[in-house]
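Participant: no sequence for this one, just the structure:
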């Protein structure tokens, strides 16, 4: 039951849900996610840590960045089931649509050099 509770708590936050929905469309770094969510990078990092602990996302170094993407490994039995359902949910939600549109236009080199 503990693993299920970790996964459900991870998705029970608006910003974490927004992160998951953006990562369905493209791999992103912390500075890109912070730019779309309009929150500070340490807050984004905390959200990412919770999602990773739940087995919902993974990270991989790509040059100077760490890119986040949906987790493809089976960390627990619940995360893959929830990911499959999430792909079908909220795709027409105005905030999710807006986030995804903003994410498409981001220039990582411009965003990350400011910080």
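Facilitator: Nice, thanks for sending it over. As the structure is a prediction and not an experimental result, all values here were calculated from the model.
Participant: from here on, contacts and neighbour counts on C-alpha atoms
Facilitator: Will do.
Participant: host element of the residue nearest the centre of the chain?
Facilitator: With distances taken as Cα atoms, centre = their mean, residue 19 lies nearest the centre of the chain, 3.1 Å away. Secondary structure assignment for residue 19, by DSSP states H and E: helix 14-23.
Participant: what residues of that helix count as buried?
Facilitator: Across helix 14-23, burial judged by 16 or more other Cα atoms under 10 Å covers 15, 16, 17, 18, 19, 20, 21, 22, 23.
Participant: the closest residue to the first one other than its chain neighbours and residue 90, how far apart?
Facilitator: Spatial nearest neighbour of residue 15, chain neighbours left out: residue 37 (7.2 Å); criterion: Cα to Cα, 6 or more residues apart in numbering. Taking Cα to Cα, to the nearest Å as the measure, residue 37 and residue 90 are separated by 17 Å.
Participant: swap in residue 40?
Facilitator: Taking Cα to Cα as the measure, residue 40 falls 24 Å from residue 90.
Participant: check residue 35 too.
Facilitator: From residue 35 across to residue 90, the span is 21 Å (Cα to Cα).
Participant: more neighbours, these two?
Facilitator: Set side by side, residue 35 and residue 90 show more neighbours around residue 35, with 19 against 14, by other Cα atoms under 10 Å.
Participant: ok, now which ones touch that one?
Facilitator: Residue 35 is in contact with residue 111, counting by Cα atoms under 8 Å, 6 or more residues apart in numbering.
Participant: please redo it, this time with the cut-off set to 7 Å
Facilitator: If a contact means Cα atoms under 7 Å, 6 or more residues apart in numbering, then residue 35 has no contacts.
Participant: what does stretch 13-22 rub up against?
Facilitator: Contacts of stretch 13-22 (Cα under 7 Å, 6+ apart): 10, 11, 47, 96, 99, 100.
Participant: which one of the residues you listed is nearest to residue 83?
Facilitator: Nearest to residue 83 out of those is residue 11 (Cα to Cα; 10.1 Å).
Participant: what's the distance between the closest residue to the closest one other than its chain neighbours and residue 8?
Facilitator: Leaving out its chain neighbours, the residue that sits closest to residue 11 by Cα to Cα, 6+ apart is residue 17, at 5.6 Å. As judged by Cα to Cα, residue 17 and residue 8 stand 11 Å apart.
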